[in-house]
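Asks: Structure, please.
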Amino acid sequence: LLKPELFETKSYPVRVETQGMSSGKTWVWSRTGDFPPEHFGYNVEHPATIVVGADVDAVNEMTLSYV
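Replies: Take a look at the predicted model:
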């Protein structure tokens with residue numbers, strides 16, 4: 001990210017689908033108070049950091065400044 005301060009991120013356990021129509025899709029486990037994510041094959045040792053929010057106006061302004 002060019003300006004990480006413009007984004008809100010969270011880390012979640014992940015699982016990559018290896019079969020079927022969604023092969024290659026990465027699933028994040030964001031549920032709380034449920035079964036543990038490792039019970040469903042999610043990797044809790046190496047969580048993925050994903051963007052869950054952004055300062056949209058600032059991101060648009062930054063993007064347009066590069067055009």
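Asks: Look up how far Val67 lies from the most centrally placed residue in the chain.
Replies: Compute the mean C-alpha point of the chain, and by Cα atoms, centre = their mean the closest residue is Ile50, 2.6 Å away. Using Cβ to Cβ, to the nearest Å, Ile50 is found at 26 Å from Val67. In short, each C-beta sits where N, CA and C put it, glycine included.
Asks: got the residue ranges for the helices in the chain?
Replies: All helices of the chain, identified by DSSP state H, fall at 56-65.
Asks: so what secondary structure elements neighbour the lengthiest strand in the chain?
Replies: Scanning the chain for the strand with the most residues, using DSSP state E, yields strand 43-54. Secondary-structure packing of strand 43-54 (3 or more Cβ pairs under 8 Å, 6 or more residues apart in numbering; DSSP states H and E): strand 7-16, strand 26-28.
Asks: partners of the worst-scoring helix or strand of the chain on mean pLDDT, with directions?
Replies: In the chain, no helix or strand scores lower on mean pLDDT, DSSP states H and E than strand 26-28, which sits at a mean of 88. Within its sheet, and counting by DSSP bridges, strand 26-28 is paired with strand 7-16 (antiparallel).
Asks: Kindly calculate the angle that the partner strand makes with helix 56-65.
Replies: 90 degrees (axes from the mean of the first three to the mean of the last three Cα atoms, to 10 degrees).
Asks: which residues are contacting strand 7-16?
Replies: Residues from elsewhere that reach strand 7-16, judged by Cβ atoms under 8 Å, 6 or more residues apart in numbering: 1, 24-30, 37-38, 40-44, 46-55, 59.
Asks: sorry, back to before: what residues of the least confident helix or strand of the chain count as buried?
Replies: Across strand 26-28, burial judged by 16 or more other Cβ atoms under 10 Å covers 27-28.
Asks: Contacts for it, please.
Replies: With Cβ under 8 Å, 6+ apart, strand 26-28 has contacts from 12-17, 42, 48, 50.
Asks: Please tell me which one of those residues counts the most neighbours.
Replies: Using other Cβ atoms under 10 Å as the neighbour criterion, Pro13 leads the contacts of strand 26-28 with 20 neighbours.
Asks: would a markdown table of the contacts of strand 26-28 with pLDDT and distance to Leu6 be doable?
Replies: Compiled in a markdown table, the contacts of strand 26-28 are given as follows (pLDDT from 0 to 100; distance: Cβ to Cβ, whole Å):
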| residue | pLDDT | distance to Leu6 |
| --- | --- | --- |
| Tyr12 | 92 | 20 |
| Pro13 | 92 | 25 |
| Val14 | 89 | 23 |
| Arg15 | 89 | 28 |
| Val16 | 88 | 28 |
| Glu17 | 90 | 30 |
| Tyr42 | 88 | 28 |
| Ala48 | 90 | 19 |
| Ile50 | 90 | 15 |
